[in-house]
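>>> Sharing a model that was predicted from the sequence below.
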Amino acid sequence: MATEAKIDFDVLNRLITQGKSTTEIAKYFSCTPGAVSQAKKKLKISVVKNVALENAHKVVGQDLDAVAQLQKINQDANEILDLLMRWNRGDEAALQVLESQVRKVRIGKTEKFVEEFKFKDPRELALKAMAEIRGQLNLQLEIFQALYDMKAVQEFQEEVLTIIGEVDKNVRREIIERLKARRAVRSAVQIT
């Protein structure tokens with residue numbers, strides 16, 4: 001831990017962008033190359049997190065096609081599940097729907113009419129459809145939670161800046177300028 005405290009991340013970033021090797025950086029900070037490697041890793045992780053947070057507002061303000069796509073997949077999976085459950089209960093109309101879907105198969109360059117149908121156990125297929133629906137619902141929940149969290153962060157940041165602006169407009173302006181400057185530095189960072 002003592003070697004980590006010696007490494008200034010701003011200086012580390014500058015040395016990396018200058019093309020200095022890990023050994024050269026270790027000599028500069030009077031630490032081991034392993035400590036430099038760990039610091040580089042932490043710097044890379046913090047840059048990735050900051051970039052993600054800086055771009056979060058863009059995601060919050062947009063409609064996500066992923067949610068609409070998941071809802072469509074969920075609808076389709078529910079239709080398949082309903083059909084399978086009707087088939088499992090012996091509904092003739094459901095069996096006719098399933099049989100009508102497979103008339104011909106392509107073998108090589110020729111098509112051949114299907115003479116005999118062999119279906120998997122509808123209960124097994126229904127369980128697979130249920131598992132897919134559960135997975136889709138979990139994924140939707142994760143997406144909604146992430147969007148909610150990003151929205152909460154955005155609202156918190158806006159509220160803090162509003163309150164600071166009410167107390168001192170110059171401080172608010174200085175905070176915004178510093179954040180913009182850091183964004184510009186981070187966008188130019190290239191970690192090797």
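Good, I have the coordinates. Keep in mind that what you see is a predicted model, and the values were worked out from it rather than measured.
>>> What score does I107 have for pLDDT?
If you check I107, the pLDDT there is 78.
>>> can you check Q190 too?
Looking at Q190, its pLDDT is 49.
>>> ok, now Q157?
Looking at Q157, its pLDDT is 84.
>>> residue closest to the middle of this protein?
Residue closest to the average C-alpha location in the chain (Cα atoms, centre = their mean): I143, at 8.2 Å.
>>> Tell me how far that one lies from K72.
Distance, I143 to K72, using Cβ to Cβ, to the nearest Å: 14 Å. Using the backbone N, CA and C atoms, a C-beta is placed for each residue, glycine as well.
>>> low-scoring stretches of the protein, by residue?
Regions of the chain meeting the criterion pLDDT under 70 cover residues 1-5, 45-66, 99-104, 114-119, 184-192.
>>> Would you map the strands across it?
Using DSSP state E, the strands of the chain run over residues 104-107, 110-113.
>>> elements contacting the longest helix along the chain?
Ranked by residue count, the top helix of the chain under DSSP state H comes out as helix 122-167. Applying 3 or more Cβ pairs under 8 Å, 6 or more residues apart in numbering; DSSP states H and E, one finds that helix 122-167 contacts helix 33-60, helix 65-88, helix 169-188.
>>> how far off helix 169-188 does that helix point, in degrees?
Between helix 122-167 and helix 169-188, the angle comes out at 140 degrees (axes from the mean of the first three to the mean of the last three Cα atoms, to 10 degrees).
>>> mind checking how far helix 122-167 is from the chain centre?
How far helix 122-167 lies from its chain's middle: 11 Å, per Cα atoms, centre = their mean, to the nearest Å.
>>> List of residues touching stretch 26-38?
Stretch 26-38 has contacts (Cβ atoms under 8 Å, 6 or more residues apart in numbering) with T3, E4, K6, I7, D8, V11, L12, L15, K20, T22, T23, I25.
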